[in-house]
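**Q** predicted coordinates and the sequence they were generated for:
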Amino acid sequence: MILLFDEADSLFGKRTEVKDSRDRHANQEVSYLLQRMEAYQGLSMLTTNLKSAIDQAFLRRIRFVVQFPFPDTATRAEIWRRVFPKNTPTGGLDPQKLAQLNVAGGNICNIALNAAFLAANAGEAVKMKHILQATKSEYIKSERRLTDAEIKGWFSLNWSLWGHKFESASFVLRPTIILVRVSSVQAQGNDTRSADVTVEFDLIVGQRQLVVLILNEWSTDSPSAYMFKALAHEEVRELTIPADKVQAGEYLVRVQIDGTESPLSYDTDPNSPTFNQYISPRITI
């Protein structure tokens, strides 16, 4: 039998100077665990990503320490090759290009799972476009910015999205949202709502261009994400896109035009509680 302590830093943390009764009891627990480790005859494993937080007395009693460094490009490519089960329908996934994403294995698993959900919802095999959308949601959750270098070369000149084919290079047209407003909000039960989201752009959107509204729940532990395709339209600078079955809350707003997304703004005030987090455009539904 193997005794496993996951997130061991929370239980085997460093003893501290006693300032009150809580410190005294915490130190007593650590001392008791040290005694139990000395007496335990079996095999035990401790896992943590905060080795520096573990008391040195525990480290002296650990026979082997195995380091798992942040995965390099080659390792990430191998993780991408193995992340999907063999019976998962995939199409056109390139592990080498996916390895450009500077993320750990846990993030890769999250992205792969969310991409599979997106593909299943669309009735398609998992493709690079689904990985891209899942990656953007994962980066927003982690309060990181996805760089152009990480997705360089992901799409060729002739690609498709939701069955709509484009004959021009992707990432050429980069829209910016000037104004966004919400109207016709209606409750639908189970704390979900429908609404019309009107977005004004800094450019004219052609009638043959595919426009997709993306909503990512803002400032929650488990953010929801939604995608809504715009209805047929003329050449316009403003579009109203219906959003349906959305959980009530605040949402960051992005728009894709032929696969190219509008940017989000982040807080640059170091004294702000949301410093370096994405904060706008944002709406409440």
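**A** Yep, that arrived.

**Q** what about G106, which SS state?
**A** helix (DSSP: H, G, I helix; E, B strand; the rest coil).

**Q** the one 10 residues further on too?
**A** Judged by three-state DSSP, the three-state class of A116 is helix.

**Q** quick one: it and P89, what's the gap?
**A** In this view, A116 and P89 are 9 Å apart by Cβ to Cβ, to the nearest Å. The way it works is simple: take the backbone N, C-alpha and C, and place the C-beta from them, glycine included.

**Q** give me the common contacts of the two.
**A** Counting by Cβ atoms under 8 Å, 6 or more residues apart in numbering, the residues touching both A116 and P89 are V126.

**Q** which one of these two has more residues nearby?
**A** A116 (21 against 12; other Cβ atoms under 10 Å).

**Q** residues contacting the more buried one?
**A** Per Cβ under 8 Å, 6+ apart, neighbours of A116: F84, T88, V126, H130.

**Q** kindly recompute the last result at 7 Å.
**A** T88, V126 (Cβ atoms under 7 Å, 6 or more residues apart in numbering).

**Q** for G13, same thing?
**A** So, once contact is read as Cβ under 7 Å, 6+ apart, G13 ends up touching A53, I54, D55.

**Q** and if we set it to 8 Å?
**A** Residues in contact with G13 (Cβ under 8 Å, 6+ apart) are A26, V30, A53, I54, D55.

**Q** what two of the residues you listed are the furthest from one another?
**A** Pairwise distances across the contacts of G13 peak at 14.0 Å for A26 and I54 (criterion: Cβ to Cβ).

**Q** compare the two and say which is more crowded by neighbours.
**A** I54 (19 against 15).

**Q** what sits closest to that one if chain neighbours are left out?
**A** In space, and not counting its chain neighbours, I54 is closest to F12: 5.0 Å by Cβ to Cβ, 6 or more residues apart in numbering.

**Q** need phi/psi at the one you found.
**A** With angles defined as degrees, to the nearest 10, F12 sits at phi -110, psi 30.
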